[in-house]
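K.L.:
Below are the sequence and a predicted model; questions follow.
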Amino acid sequence: RPGAGPLRLIHMPEPDPLILGKAMTKPRALVLLSGGLDSATCLAIARAEGYDVYALSVEYGQRHAAELAAAQRVAKTLGAVAHRTAHVDLGQFGGSALTDASLAVPVDGLDGGIPITYVPARNTIMLSIAMAWAEVLGAEHIYVGVNAVDYSGYPDCRPAFIEAFEKMANLATKAGVEGHRLSIHAPLIDLSKADIIRRGTALGVDYGLTVSCYQANDDGQACGLCDAGRLRKAGFEAAGLPDPTPYR
């Protein structure tokens, strides 16, 4: 400008890449992903709540691998940063219709009590593996799709179990002892199956990719008779939404 002094170049310091990286990186959450309807919804919720999501599936000796294939599809479609499958052979112990081929999967509906499809210590083991990977990742949040409403009577799907595990996790880990508390999120725990389906549909979950059946075939086609399938089918009906499940 007329009368103005000479222009001066001001040299700004280069931004610290570590600070910049921290500012741009989302917090991490680990989601237990079975490949079923509930866990897919859980992953979508974690992503919607602003986390970079890491998905963990567990091959524990279940009757079929269709749900693990479904987990791969769901993780990819819903944008998981990484997806891993851990291997634990609970089938060597048996005691559940889901891990012991000599025990038949019930197809006559729920009749009260804890059904034969309960897998001893399954959720405790899965959460423990999730806790290990979460600590390595520096993730302070684990999401699990347990449900205390339509849960078939499983004791490890109750709020009291989740609360107890979270307390244990913060006593048992280096991260917890050093003040980086681990939080266990169970966002579906008090929702009906219809409410879960509505929530996931609003978040863009394609339930046609998921497998919930206890005895699905290799193509992921459901029997439509087991407890998991009955709850799933009734959920779509109650939600007023079409059921994309392929049935045999």
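P.N.:
Sure, I can see it.
K.L.:
low pLDDT regions in this structure?
P.N.:
1-24, 110-111, 150-152 (pLDDT under 70).
K.L.:
where do the strands sit along it?
P.N.:
Ranges of strands within the chain are 28-32, 52-59, 82-87, 141-143, 183-185, based on DSSP state E.
K.L.:
Can you tell me which of those is nearest to Ile129?
P.N.:
Closest approach to Ile129 among those is made by strand 82-87 (4.9 Å; CB to CB). The way it works is simple: take the backbone N, C-alpha and C, and place the C-beta from them, glycine included.
K.L.:
how about the closest one: buried residues?
P.N.:
His83 (16 or more other CB atoms under 10 Å).
K.L.:
ok so, going back, any chance of the strands of the chain in JSON lines, plus distance to Leu203?
P.N.:
Output for the strands of the chain, formatted as JSON lines (distance: least, CB to CB, whole Å):
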{"stretch": "strand 28-32", "distance to Leu203": "13"}
{"stretch": "strand 52-59", "distance to Leu203": "12"}
{"stretch": "strand 82-87", "distance to Leu203": "18"}
{"stretch": "strand 141-143", "distance to Leu203": "13"}
{"stretch": "strand 183-185", "distance to Leu203": "15"}
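K.L.:
Spatially nearest residue to Thr41, not counting backbone neighbours?
P.N.:
Excluding its sequence neighbours, the residue lying closest to Thr41 (CB to CB, 6 or more residues apart in numbering) is Gly200, at 3.7 Å.
K.L.:
Just give the number of residues close to Ala216.
P.N.:
Other residues within reach of Ala216, judged by other CB atoms under 10 Å, total 27.
K.L.:
Ramachandran coordinates for it?
P.N.:
phi -70, psi 150 (degrees, to the nearest 10).
K.L.:
who's in contact with it?
P.N.:
Contacts for Ala216 (CB atoms under 8 Å, 6 or more residues apart in numbering) come out as His64, Ala66, Glu67, Ala222, Cys223.
K.L.:
what separates the nearest residue to it once chain neighbours are set aside from Leu203, distance-wise?
P.N.:
Of all residues not flanking Ala216 in the chain, Ala66 sits nearest, at 4.3 Å (CB to CB, 6+ apart). In this view, Ala66 and Leu203 are 23 Å apart by CB to CB, to the nearest Å.
K.L.:
Looking at those two, which one has more neighbours?
P.N.:
Ranked by neighbour count (other CB under 10 Å), Ala66 and Leu203 place Ala66 first, with 20 against 15.
K.L.:
from what I can see that one touches Gln215, true?
P.N.:
No: using CB atoms under 8 Å as the test, Ala66 is too far from Gln215 to be in contact (9.5 Å).
K.L.:
so who does Tyr143 touch?
P.N.:
Shown in contact with Tyr143 (CB under 8 Å, 6+ apart): Ala29, Leu30, Val31, Leu32, Cys42, Leu43, Ile45, Ala46, His185, Ala186, Pro187.
K.L.:
change it to 10 Å
P.N.:
29-33, 39, 41-43, 45-47, 49, 51, 53, 55, 130, 183-188 (CB atoms under 10 Å, 6 or more residues apart in numbering).
K.L.:
returning to what we had before: surely the residue nearest to Ala216 meets Asn217?
P.N.:
Yes: using CB atoms under 10 Å, Ala66 is in contact with Asn217, at 7.0 Å.
K.L.:
quick one, longest helix in the chain?
P.N.:
helix 122-137 (DSSP state H).
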